[in-house]
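Asks: Build me a model:
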Amino acid sequence: MKNSFFEITDLKWIQIIKILKTLEQDNVDKVFRQIEETINQKTIIIDLVNVWFINSTFIGYLFHLYETGKKSWRYICFVNWQDSVMDAFNLTWILDMIPYFKTLDEALIKLKK
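Replies: Residues are numbered from 1 along each chain as shown. Prediction:
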């Protein structure tokens, strides 16, 4: 599935959600609701390679996906962040909760173990 904000690649046991551009305050809510409607019980990898800025709403939705996934035995992690995004994550507790890997390949290797 692909739209102007994200694309989802379905693998056998994983869904890769690639955010295609930085989400602004006026669209982050809509985009994360669309993501929630399309994910299933698979492991979720959120690819942030095209995201250069995040706000507290974005972080809140990541946490919400994590909490929702935990209740349904779904694993969530993120990959391919920009330094500016990691700077924002470092100001919060999100890195203590949601696993992260530098690259998609690293995540796939770790998750297969």
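Asks: Quick one: residues contacting residue 103.
Replies: Residue 103 makes contacts with 79, 80, as judged by CB atoms under 8 Å, 6 or more residues apart in numbering. Just so you know, the C-beta spots here come from the backbone N, C-alpha and C atoms, and that holds for glycine as well.
Asks: Quick check: closest non-adjacent residue to the residue nearest the centre of the chain.
Replies: Taking CA atoms, centre = their mean, the centroid of the chain lies closest to residue 46, which sits 2.9 Å from it. Spatial nearest neighbour of residue 46, excluding adjacent residues (CB to CB, 6 or more residues apart in numbering): residue 78 at 4.3 Å.
Asks: helices or strands up against the one helix or strand the one you found maps to?
Replies: Residue 78 belongs to strand 76-79 when elements are defined using DSSP states H and E. With contacts taken as 3 or more CB pairs under 8 Å, 6 or more residues apart in numbering; DSSP states H and E, strand 76-79 sits against strand 43-47, helix 56-71, strand 100-101, helix 104-112.
Asks: of all those, which lies closest to residue 34?
Replies: For the helices and strands packed on strand 76-79, the distance to residue 34 is smallest for helix 56-71, at 11.2 Å, taking CB to CB.
Asks: Packing partners of that closest one?
Replies: Counting contacts by 3+ CB pairs under 8 Å, 6+ apart, helix 56-71 packs against helix 28-38, strand 43-47, strand 76-79, helix 94-97.
Asks: if we can go back for a sec, just the local confidence number for the residue nearest to the centre of the chain, please.
Replies: The model reports residue 46 with a pLDDT of 95.
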